[in-house]
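In: From the sequence below, what's the structure:
(2 chains)
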Number of protein chains: 2
Amino acid sequence: MAISQRIVADISRSSWIRKMFEEGAKRKAMYGADKVFDFSLGNPNLEPPAKFHEEIRKLVDDPAPGRHGYMPNAGYPETRQAVAEHVNSYTKAHLNGEDVIMTAGAGGGLNVILKTLLDPGDEVIIPKPYFVEYDFYIDNHQGKPVQVPVGEDFSLDLEAIAAAIGERTKAVLINYPNNPTGRVCSLQELNGLALLLSEHSSRLGRSIYLISDEPYRKIVFDDLEVPSVLDAYRDSLVVTSFSKDLSLPGERIGYIAVNPGITDKELISAGLVLANRILGFVNAPALMQRAIPNLLNQTVDVDAYRRKRDILCEGLAACGYRFVVPKGTFYLFPRTPIDDDVAFVRVLREENILVVPGSGFGGPGHMRIAFCVDDRVVENALPGFERAIKKV
Amino acid sequence: MAISQRIVADISRSSWIRKMFEEGAKRKAMYGADKVFDFSLGNPNLEPPAKFHEEIRKLVDDPAPGRHGYMPNAGYPETRQAVAEHVNSYTKAHLNGEDVIMTAGAGGGLNVILKTLLDPGDEVIIPKPYFVEYDFYIDNHQGKPVQVPVGEDFSLDLEAIAAAIGERTKAVLINYPNNPTGRVCSLQELNGLALLLSEHSSRLGRSIYLISDEPYRKIVFDDLEVPSVLDAYRDSLVVTSFSKDLSLPGERIGYIAVNPGITDKELISAGLVLANRILGFVNAPALMQRAIPNLLNQTVDVDAYRRKRDILCEGLAACGYRFVVPKGTFYLFPRTPIDDDVAFVRVLREENILVVPGSGFGGPGHMRIAFCVDDRVVENALPGFERAIKKV
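Out: Below is the predicted model:
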């Protein structure tokens, strides 16, 4: 074999997802795209706010030179400063511009953080179910993901986390509002986790870092407050993007916010900036960085997602599906009526309904329904969901 | 130490560059930016072509939905197809859209290629001097850079390359037009290299890949033709960006073109697409991808760089500097009048002239002058260059 054995293994590991998408594409070609109910992808169906287009137009007409050239690897100072102030507005943290690093989305930012923190063999604890790309991200930097269970309602299991902490534990990685469950962590849970990590950090004589991946922070319903790790735990880093709240996933723009009180702060900041450069990101896309300062208070119409959630939850509950109602994101993670989630996903596929088996997120016996689709898709899929549950 | 030991080492390894920039910034603050002649950065000073702005404007006004959402990880099919046809126009290759993967610049693309090809401990041969970020890129994927010397005129030393090929050689990485020397490889040299690699691949019973990093392909002077590895060697990959020819380095847009005849083609393509995804790039920025098809025949005013080269070369030759006249790029790589290039760079700094020591590129006894600056900066720096050479 002439190419990397690791990537060959990765290809085969992720081939079932590809097969699923190919199957979906085949069905769309066969029955027409409008006859297939595709809930498989977390690609927001809402358009970016009108102000996004205004900003880009303004920036393109700006005759100032060098607007598309290199800037410092961490991003434009003005953008970093604006983001810092924005973070300060929803936390009690006092970030400066230097505590912010602009990144190519949250996926880019996570790789930058992991490259900065991990030595080969270091472990990262992740409550499951979770976004499985994390496994790849950790493996890129020769770390080891350590999965821990959560409660029935997807709440953090602090005992399980405590039991998983060992000599090689470098960080805990959480993601609220959560993909795939839609759960939002409570302040109490977060404080409990922080206390636990503080105790173990003291015991180990070094910091266990808490990484919070939060691209769905603003996609929450019912006026819910999302607590911040920056308020709960000193050795914390936030990584996020504008992919969901501004519907810009294709543009790859996000940021890392470092807790100003973090241990080894200067070294970590220097490491993050260097990692952003040497991983080949170099910097977050320039034009998007310029647009962000005037878009920080914009979001897509979150109530539209709330409406989809309500239609979906009501419809599925009516025909007997069991689930925890999501407080945020555009995902629902119901139990599958039979234990074999992959088999049930096949049953749904016969109804031209495409969802992802929970096994793909470390949550077997469940399925992920991404409801970032037209209301009609949700409504029209309900009879198929009902037929499927009756079949098994 | 709580953070990665590797990144700590990397920080200290690259700290001399940071110090140099800090020194430069200090001088600019002290003497005024216009009194400091900064030739240290490869950040193009020419603006993108007017058509770039037109395209972006058109795209922002396009009301079609989903323009900023996810697309396939390899990029938009239309963009890949347009790029394939463009590559076919300057090579004899017959690429299809599937042979092209859109990337976050060439730096992103190189990481994607190296992730796809390298097993831990695999070696990548690089003729030096070279763009030292390559060392980091190779190390990211646990490979090992193996530097080989070039001739006095920076021509490839095939014997040195042959001697460096061993059991762990996975690839040879070349970069023409070259940063830092400005050299363009001849067709004859390239064919010689191809023959050599074919022989050694046969001997080893597996392919040695040839990776060509060519963001400066269109920045060439005197109607020079730049030969393509796609025409010379089957197991080749091109990686490039629009950073220099469209002056868009901050936007992170480029591509990988895979030789359609490459060994293990399907596996390599799948690996590249997966690597683009799991390294956290996910996809090249959407808006820029949309703009590219109508910009493939655009370039900045290359003759402006030619003019700067001529002013610089004439001026430096007149006061006794020795160098190979660059055929492309916006770099000149003269010998330093004393062997200690770091010391001579300090002498130039006293004249408020900022350049990078050749040691930073694996080419001690030289210095890199990036002449992507205003003509006046070049002209006004010449007296300082003259005083410096007289001082040593």
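
In: burial count for the nearest residue to A:K92 once chain neighbours are set aside?
Out: Leaving aside its sequence neighbours, A:K92 sits nearest to A:D231 (CB to CB, 6 or more residues apart in numbering or on different chains; 5.0 Å). (Each C-beta comes from the backbone N, C-alpha and C, glycine too.) Using other CB atoms under 10 Å in any protein chain shown, A:D231 has 16 neighbouring residues.

In: Look at A:D231 and tell me its secondary structure.
Out: helix (DSSP: H, G, I helix; E, B strand; the rest coil).

In: Contact partners for it?
Out: Each residue near A:D231 by CB atoms under 8 Å, 6 or more residues apart in numbering or on different chains is listed here: A:T91, A:K92, A:A93.

In: ok, A:L46 - how many residues close by?
Out: Neighbours around A:L46, by other CB under 10 Å: 18.

In: Likewise for A:G42?
Out: Residue neighbour count, defined by other CB under 10 Å, stands at 21 for A:G42.

In: Next: A:V184.
Out: 22.

In: ditto for A:E379
Out: Neighbours of A:E379 (other CB under 10 Å): 14.

In: for it, what are its contacts?
Out: So, once contact is read as CB under 8 Å, 6+ apart, A:E379 ends up touching A:I311, A:G315.

In: again, only this time at 10 Å
Out: The contact partners of A:E379, by CB atoms under 10 Å, 6 or more residues apart in numbering or on different chains, come to A:F37, A:K308, A:I311, A:L312, A:G315.

In: isn't there a strand covering it?
Out: No: assigned with three-state DSSP, A:E379 falls outside any strand and is helix.

In: roughly how far apart are it and chain B?
Out: For A:E379, the distance to chain B equals 19 Å [CB to the nearest CB, to the nearest Å].

In: Can you give me the pLDDT of that residue?
Out: Looking at A:E379, its pLDDT is 98.

In: ranking the contacts of A:D231 by neighbours, who comes first?
Out: Most surrounded of these: other CB under 10 Å gives A:A93, at 20 neighbours.

In: Which helix or which strand is home to that residue?
Out: A:A93 belongs to no helix or strand when assigned by DSSP states H and E.

In: and if you look at A:A317?
Out: helix A:302-318.

In: residue at max distance from the center of chain A?
Out: A:P63 (36.3 Å; CA atoms, centre = their mean).

In: Just list the residues touching that residue, thanks.
Out: Contacts of A:P63 (CB under 10 Å, 6+ apart): B:E47, B:H53.

In: tell me the SS of it?
Out: Classification of A:P63 using three-state DSSP returns coil.

In: Against A:I56, how distant is the one residue in the stretch 251-392 of chain A that gets nearest to chain B?
Out: Nearest residue of the stretch 251-392 of chain A to chain B, counting by CB to the nearest CB: A:A286, 3.1 Å away. In this view, A:A286 and A:I56 are 12 Å apart by CB to CB, to the nearest Å.

In: cool, and A:Y321?
Out: Distance from A:Y321 to A:I56, by CB to CB: 41 Å.

In: Over to A:S247?
Out: 14 Å.

In: Compare those two (neighbour count), which wins?
Out: A:S247 (26 against 22).

In: Now the phi/psi pair for the closest residue to the more buried one other than its chain neighbours, please.
Out: Nearest-residue entry for A:S247: A:P44, 4.3 Å, with adjacent residues in sequence omitted and distances by CB to CB, 6+ apart. Backbone torsions of A:P44, given as degrees, to the nearest 10, read phi -50, psi 140.

In: Pretty sure the residue of the stretch 251-392 of chain A closest to chain B sits against B:L287.
Out: No: with contact defined as CB atoms under 10 Å, A:A286 does not reach B:L287; the gap is 11.3 Å.

In: so what sits against both of those two?
Out: Common neighbours of A:A286 and B:L287 (CB under 10 Å, 6+ apart) are B:E251.

In: Out of the two, name the residue with the larger neighbour count.
Out: A:A286 (26 against 21).

In: Tell me the spacing between the more buried one and A:R183.
Out: 36 Å.

In: my read: A:V347 touches A:P357, true?
Out: No: counting by CB under 10 Å, A:V347 does not reach A:P357; the two are 11.4 Å apart.

In: residues near A:E167, how many?
Out: 8.

In: Likewise for A:E350?
Out: The number of residues packed around A:E350, counting by other CB under 10 Å, is 12.

In: counting contacts, what elements does the helix or strand where A:R18 lies pack onto?
Out: Using DSSP H and E, A:R18 sits within helix A:15-31. Contact partners of helix A:15-31 among helices and strands, from 3 or more CB pairs under 10 Å, 6 or more residues apart in numbering or on different chains; DSSP states H and E: strand A:37-38, helix A:341-350, strand A:353-354, strand A:356-357, helix B:265-278.
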